[in-house]
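J.: Below is the structure, and that's it, no one-letter string:
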């Protein structure tokens, strides 16, 4: 009887499960059909949108779109948009695009630098505090800069290229320190190059200078270059690398939408001199006077106040690749700091040798020219044998 009841209960349970699973399967089937129908509808809508987008798209000359009919750039880099940049941006959509044609009488704000330009800043191990503070100041000035961990100076410098690729950066500024007193800086366009090796001199950070100028963090800079940069081929390459490293990309998410400071690069004595100034606008009674001056064709009365940092870049070599490759330029007048210190020590050693030689000469002169003293009656007055 027990076995009969157990079999009866199991058959009833199996029948109930079958009866419950049938409607559940029907519901799952309906849901799958509805899901497939929605996906098909979405695919059809996407196809229609793609076809409409293709109809609206057409190739537009990049320079005409960004510069307008005038062909001049009102950008923070003060540099014309070269033909070399054409073709790197692909097609431009007329309606709803990021880069719209410039209206007449309105200057575009494009800097000539790609929107995705990013700069990697990193140092080698053993850098001095002054060099580390300089890197922190540059990080505050560049909204598109990224910082990475220190790299051992014994490693190959091509590791910087790998770090830039991992961080999604196409520019790299690598600060290298040797003997805790010599500072070098590499400015490179990764991963293909070119790259420039500088010797950094006369470093003065913001905290050290304590100047009166001040501006917002990550605000857009106006880049000013000395006209001497356009005189020679290697200076033009230096100028282009500095533009890519220091110019703020167009419509970057971290930048401020106005200009309140200017980065100035001067070429003098075969070196690049860097200065950072705040743009000071007139206030109070000066505004009325400046408005009248502007109407009469006189300057607006804007002034510059230095903020910092300060440093000097002495170009040593320009390489074709990133940290490697053929040497395109080499400064023959550059003297290694080690040689300078060795020469200074030689001069110090010569001074000591001359001092010792002078003492020996004096001793020999005294020995050869002794004075013959005449006899005196009182010479033996206090001798022991004459004592009484």
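T.: Structure's in. What do you need? Small disclaimer: the values here were computed from a predicted structure and weren't measured.

J.: if I pick the closest residue to residue 205 other than its chain neighbours, what's in contact with it?
T.: Among residues not flanking residue 205 along the chain, residue 133 sits closest, at 4.4 Å (CB to CB, 6 or more residues apart in numbering). For the C-beta atoms, the positions are set from N, CA and C on the backbone; glycine is no exception. The contact partners of residue 133, by CB atoms under 8 Å, 6 or more residues apart in numbering, come to 205, 207-208.

J.: Now name the helix or strand holding residue 133.
T.: Taking DSSP states H and E as the criterion, residue 133 maps to helix 129-141.

J.: and the next element down the chain from that helix?
T.: Following helix 129-141 in sequence order, the next helix or strand is strand 145-147 (DSSP H and E).

J.: Geometric centre of the protein: which residue is closest?
T.: residue 245 (4.7 Å; CA atoms, centre = their mean).

J.: Give me the phi and psi for residue 252.
T.: Dihedral pair for residue 252: phi -70, psi 140, per degrees, to the nearest 10.

J.: what separates it from residue 140, distance-wise?
T.: Distance, residue 252 to residue 140, by CB to CB, to the nearest Å: 15 Å.

J.: Settle it for me: which of the two has more neighbours?
T.: Higher neighbour count among residue 252 and residue 140: residue 252, with 19 against 12, using other CB atoms under 10 Å.

J.: hang on, the more buried one packs against residue 142?
T.: No - between residue 252 and residue 142 there is no contact under CB atoms under 8 Å: 10.0 Å.

J.: okay, and the common contacts of these two?
T.: Counting by CB under 8 Å, 6+ apart, nothing touches both residue 252 and residue 142.

J.: Name all residues that make contact with residue 329.
T.: Residues in contact with residue 329 (CB under 8 Å, 6+ apart) are 233-234, 237, 315, 317-318.

J.: one more time with 10 Å
T.: 194, 196, 232-235, 237-238, 315-319 (CB atoms under 10 Å, 6 or more residues apart in numbering).

J.: Ok, residue 237 next?
T.: Shown in contact with residue 237 (CB under 10 Å, 6+ apart): 194, 196, 229, 315, 318, 328-329.

J.: Sheet-wise, list the partners of the strand or helix carrying residue 276 with their directions.
T.: Using DSSP H and E, residue 276 sits within strand 271-280. Partner strands and pairing direction for strand 271-280 (DSSP bridges) are strand 256-268 (antiparallel), strand 303-306 (antiparallel), strand 310-319 (antiparallel).

J.: In a markdown table: the ones you listed, plus mean pLDDT.
T.: Listed next are the strands paired with strand 271-280 as a markdown table, based on pLDDT from 0 to 100:
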| stretch | mean pLDDT |
| --- | --- |
| strand 256-268 | 90 |
| strand 303-306 | 89 |
| strand 310-319 | 95 |
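
J.: in the protein, which spans are strands?
T.: Listed in chain order, the strands of the chain (DSSP state E) span 119-123, 145-147, 171-178, 182-189, 195-204, 219-225, 256-268, 271-280, 303-306, 310-319, 327-330.

J.: Check the offset of the shortest one from the chain's centre.
T.: Between the mean C-alpha point of strand 145-147 and the mean C-alpha point of its chain there is a distance of 8 Å (CA atoms, centre = their mean, to the nearest Å).

J.: Would you agree the residue nearest to the centre of the chain is in contact with residue 189?
T.: Yes - counting by CB atoms under 10 Å, residue 245 touches residue 189, with 8.6 Å between them.

J.: Residue 343: what's it in contact with?
T.: Taking CB under 10 Å, 6+ apart, one finds residue 335 in contact with residue 343.

J.: With residue 337 as the reference, measure out to it.
T.: 11 Å.
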